[in-house]
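Q: Build me a structure from this.
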Amino acid sequence: MEGSGLICGAISDSGKFIVEIVDGTMNSTTYLDILKRRLLRNFPTSRAESPLCAKYSRLIYQRDGATAHTASVITAYFEYKEIEVLDWPPKSPDLNLIESVWSQLKANLKISYKGSEELKEDIIRSSKSIHSSYIKNLYLSMKRRLQAIIEAKGGPTNY
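A: Residues are numbered from 1 along each chain as shown. As a prediction, the model looks like this:
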């Protein structure tokens, strides 16, 4: 791409995967905008008033420790929406399910691009090719992942 950019994404145990392409750098204002526009609209069980979330004892949103994700304005937003935040330990890719989704997305991308627009279009195309069953199975693998980490005494696993 010309300049810089990044891809922001989210998955849910229902198998949903959303992708947001951000031009430039991520800051708390950009992140809050994405949360407001995409999170609750695309993940209805994240809404405290949703009848779908009655089956859960609490709403949980996993995030990494990036500064934009942990800013006070973001924390206030989650508190206001009554969404519990699970801060994720750094360097724990075996437990971070979206890392597997990112690997699949990257594997579906072409090798080269004529420009940033073509790359963005391919990222969107690739994200749509990831099946919900794949994501659901990632969630179902969590117990096995945890056991593998215990057996590896915190070391690397096959995940």
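
Q: use CA for all of it now, contacts and neighbours both
A: Fine.

Q: show me what contacts Val73?
A: By CA atoms under 8 Å, 6 or more residues apart in numbering, the residues touching Val73 are Ser28, Leu32.

Q: Now do the SS call for it.
A: Of the three states, Val73 takes helix under DSSP: H, G, I helix; E, B strand; the rest coil.

Q: Check the gap between it and Val22 for me.
A: Remark: distance between Val73 and Val22 (CA to CA, to the nearest Å) = 19 Å.

Q: Just give the number of residues close to Tyr139.
A: 19 (other CA atoms under 10 Å).

Q: Poorly predicted segments of the protein, please.
A: The chain contains residues with pLDDT under 70 at 1-4, 44-59, 89-91.

Q: contacting residues around the residue of it most remote from its centre?
A: For the chain, the largest distance from the centre (CA atoms, centre = their mean) belongs to Lys114, which lies 27.7 Å off. Counting by CA under 8 Å, 6+ apart, Lys114 makes contact with nothing.

Q: Report the separation between it and Ala10.
A: 27 Å.

Q: what do you get for Ala148?
A: On the measure of CA to CA, Ala148 and Ala10 end up 24 Å apart.

Q: and if you look at Asp33?
A: Asp33 sits at a distance of 14 Å from Ala10 (criterion: CA to CA).

Q: Comparing the two, which shows the higher neighbour count?
A: Ala10 (18 against 11).

Q: these two touch, right, the more buried one and Arg38?
A: No: assessed by CA atoms under 8 Å, Ala10 is found out of contact with Arg38, at 9.5 Å.
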